[in-house]
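S.K.: sequence and predicted structure below; questions after.
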Amino acid sequence: MHDESATILDALRDSEGRLAVVLERLHDLVLYETGGGREFISHNVVHLLGFSAEELTADRTVFPSLIHPDDAAAEQARVKRWHAQGSVGVLMSRFRVQRKDKEWIWVEDRMVRITPEKGRPFMSGVLMDVTQQRETEEQILASEERSKALLAALPDCIFLMDRQGTYLDYHAPPGARLAAPPEEFLGRQMGEVMRHTDAANHQRLIQRTLDERAMHIYEYEMGQSDDKRHYEVRMVPCGRDRVLSIVRDVSNRKRAEQAHRHSVERQRLMLNELDHRIRNNLAALISLIDLTAQDDGQSVSSFAETLRSRVAAMGAVHSLLSRVHWSPVRLSDLIRSTIPPDLTPRMMFGGTDLRVVARQAIPLAMVIQELVFNSIKYGALGSTQGQVSLLWQMREEDSLSGTVAVEMRWREQGGPPPAQPPRLGGGTSLLTGLVSSELNGRVDLSYPQPGADHVLTICLESV
């Protein structure tokens, strides 16, 4: 019996020795017992906390004082609840403790209640340093939070697919226009869901992305012409046999690009039109100078005044057309722009509401201005009592294809009787030439005793 007890004691000493060696080498794991008259802590606690086992077992208040103030109350409450519930199972908790060198570390405490056959119950547990694990967990959590924030900020839809084009997972921002509800496309292949697109091309690009291990970008359209949407896809490998498809709605960009192309084309057309108008105006100005110079016997000042008034008429119409961005103008507005303001009370004009395109507006204005200029120089507008009427009406029987024929009648009264025969100079040539070449019409000039009475038949381009 004595030999058997000695053998058991030797085995126990060997076991305890091996355990002590193991614990000595495990710096981040400490065994302890407390309560029931037992106070024990393994000596390797000095590596964990910097305190010796003797310092911690001699005064049971030392270890609780090391717990971080923000964790101490919660830890005490947790232990209290565990005891109140009968101390069943393992009580596991994490909290911060301060080492002797003032460094804070995280520890995990796993404690159980031991009830021996003899003696009072006590607590046995393990303390482990989990600082590095905690930091890793916090880094992972922070990374997950950043990933969630990035996903929430992205305006894109993201789809995870396998090599066969099967939808495995997805992310969609609020308000995203999905081709189908998630329950209808998850687990199904792209060709079954994207029926109105080139699904075969999508599938080819999945294979290329996986085979080449490179990103591929392409675009596709969905919807009818009145609600067509444009999408850009960036497909990247994700693992060995999976791809991520990042899908962005680029409809606004496409519309902006189209609007830009239209704008560039409009600018090109406008520049061409401006170039054409400038050349025409310069040619018209040269013609004005030549025609004005044909009047014999005029002084330099008279020549300058005549030329100035004719150029001013061109400028007035330019201003009118500029205000309406060179779109067709009302005939009445065009006539009003050519009449000097002080003569307006002595002129009456009106007729059918017609519009004149920009190309014909300037020559027609020059015709009206020439009539006004001749009337000031020789007729009714040169007299304080003289009056002029300018009335017009449509003449459908004279209309050419794509034009509207208009008859305009210029009548003067109250001025000096016209000279017989009337003096016809460069102004008359300008008037008849413009009507014939630019307005596709004809002029009938007459000079009865009451005053000039002219009929102009012109063809205005249809608006």
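M.R.: Sure thing, it's come through.

S.K.: what strands flank the one helix or strand Arg110 maps to, and is each parallel or antiparallel?
M.R.: Per DSSP states H and E: Arg110 is located in strand 104-114. Strand 104-114 has these partner strands in its sheet, going by DSSP bridges: strand 91-98 (antiparallel), strand 122-129 (antiparallel).

S.K.: next SSE downstream of the last one?
M.R.: The helix or strand immediately downstream of strand 122-129 is helix 131-153, counting by DSSP H and E.

S.K.: still on that earlier bit, name the stretch among the strands paired with strand 104-114 that sits most buried.
M.R.: strand 122-129 (a mean of 18; mean count of other CB atoms under 10 Å). Where C-beta positions appear, they are placed from N, C-alpha and C, glycine not excepted.

S.K.: what comes into contact with that one?
M.R.: By CB atoms under 8 Å, 6 or more residues apart in numbering, the surrounding residues in contact with strand 122-129 are 27-38, 45, 48, 105-114, 116.

S.K.: let's see 7 Å
M.R.: 28-36, 38, 48, 105, 107-114 (CB atoms under 7 Å, 6 or more residues apart in numbering).

S.K.: before we move on, what about stretch 444-463?
M.R.: 328, 354-357, 360, 375, 379-380, 395, 398-400, 402-413, 415, 417-418, 422, 435, 439-443.

S.K.: re the thing from before, next, the angle helix 131-153 makes with the strand holding Arg110.
M.R.: 110 degrees (axes from the mean of the first three to the mean of the last three CA atoms, to 10 degrees).

S.K.: so how far is strand 104-114 off the chain centroid?
M.R.: Relative to the centre of its chain, strand 104-114 is centred 56 Å away, using CA atoms, centre = their mean, to the nearest Å.

S.K.: quick one: buried residues of it?
M.R.: With burial defined by 16 or more other CB atoms under 10 Å, the residues of strand 104-114 counted as buried are 105-109, 111, 113-114.

S.K.: stretch 68-85 now?
M.R.: For stretch 68-85, by 16+ other CB under 10 Å, it's 72, 75, 79, 82.

S.K.: now swap in stretch 409-424 and tell me
M.R.: Buried residues in stretch 409-424 (16+ other CB under 10 Å): 409-415, 418.

S.K.: pLDDT weak spots in this protein?
M.R.: Filtered on pLDDT under 70, the chain yields the residue ranges 1-27, 196-197, 225, 273-298, 302-303, 306, 423-426.

S.K.: now do the domain split for it, please.
M.R.: 2-136, 154-249, 257-461 (automatic domain parsing).

S.K.: for this protein, which segments are assigned as helices?
M.R.: Here the chain has its helices, by DSSP state H, at 2-25, 45-49, 53-58, 62-66, 69-84, 131-153, 182-185, 190-193, 199-212, 251-293, 300-323, 331-338, 358-378, 426-437.

S.K.: those helices into a markdown table, with extra columns for distance to Pro173?
M.R.: As requested, those are exported to a markdown table (distance: least, CB to CB, whole Å):
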| stretch | distance to Pro173 |
| --- | --- |
| helix 2-25 | 53 |
| helix 45-49 | 48 |
| helix 53-58 | 55 |
| helix 62-66 | 48 |
| helix 69-84 | 37 |
| helix 131-153 | 7 |
| helix 182-185 | 14 |
| helix 190-193 | 19 |
| helix 199-212 | 21 |
| helix 251-293 | 15 |
| helix 300-323 | 47 |
| helix 331-338 | 53 |
| helix 358-378 | 49 |
| helix 426-437 | 65 |
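
S.K.: picking up where we left off before, next, the angle helix 69-84 makes with the strand holding Arg110.
M.R.: 10 degrees.

S.K.: what residues does strand 104-114 touch?
M.R.: By CB under 7 Å, 6+ apart, strand 104-114 touches 68, 87, 90-99, 121-131, 134.

S.K.: mind redoing it with 8 Å?
M.R.: Against strand 104-114 from outside (CB under 8 Å, 6+ apart): 33, 48, 68, 87-99, 121-131, 133-134.

S.K.: ditto for stretch 89-97
M.R.: Taking contacts as CB under 8 Å, 6+ apart, the residues outside stretch 89-97 that touch it are 49, 63, 66-68, 70-72, 74-75, 78-79, 82, 104-112, 130, 134.

S.K.: same deal with stretch 135-150?
M.R.: Against stretch 135-150 from outside (CB under 8 Å, 6+ apart): no residues.

S.K.: how far is it from where the chain is centred?
M.R.: 30 Å.

S.K.: do stretch 402-417 as well
M.R.: 57 Å.

S.K.: export that stretch as PDB, just CAs?
M.R.: C-alpha atoms of stretch 402-417 as PDB (Å, rounded to 0.1, in the frame of the first residue of the first chain):
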ATOM      1  CA  GLY A 402     -41.900  76.500-101.000                       C
ATOM      2  CA  THR A 403     -42.700  80.200-101.000                       C
ATOM      3  CA  VAL A 404     -45.500  82.600-100.200                       C
ATOM      4  CA  ALA A 405     -46.200  85.400-102.700                       C
ATOM      5  CA  VAL A 406     -46.900  88.800-101.200                       C
ATOM      6  CA  GLU A 407     -48.100  92.000-102.800                       C
ATOM      7  CA  MET A 408     -46.800  95.100-101.100                       C
ATOM      8  CA  ARG A 409     -48.200  98.600-102.100                       C
ATOM      9  CA  TRP A 410     -46.400 101.800-101.300                       C
ATOM     10  CA  ARG A 411     -48.500 105.000-101.600                       C
ATOM     11  CA  GLU A 412     -47.600 108.600-100.900                       C
ATOM     12  CA  GLN A 413     -49.800 111.700-100.500                       C
ATOM     13  CA  GLY A 414     -49.400 115.200 -99.200                       C
ATOM     14  CA  GLY A 415     -46.000 115.700-100.600                       C
ATOM     15  CA  PRO A 416     -44.700 117.700-103.600                       C
ATOM     16  CA  PRO A 417     -45.900 116.400-107.000                       C
END
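
S.K.: offset the numbering so it begins at 14, please.
M.R.: Sounds good: first residue 14 from here, last item stretch 415-430.

S.K.: just confirm Asp114 contacts Gly63, I think it does.
M.R.: Yes: counting by CB atoms under 8 Å, Asp114 touches Gly63, with 5.5 Å between them.

S.K.: of the two, which one has the most company?
M.R.: Gly63 (15 against 7; other CB atoms under 10 Å).

S.K.: burial measure for the nearest residue to that one once chain neighbours are set aside, as a count.
M.R.: Among residues not flanking Gly63 along the chain, Lys113 sits closest, at 3.1 Å (CB to CB, 6 or more residues apart in numbering). Lys113: 12 surrounding residues under other CB under 10 Å.

S.K.: please list all residues in contact with Lys113.
M.R.: 62-64.
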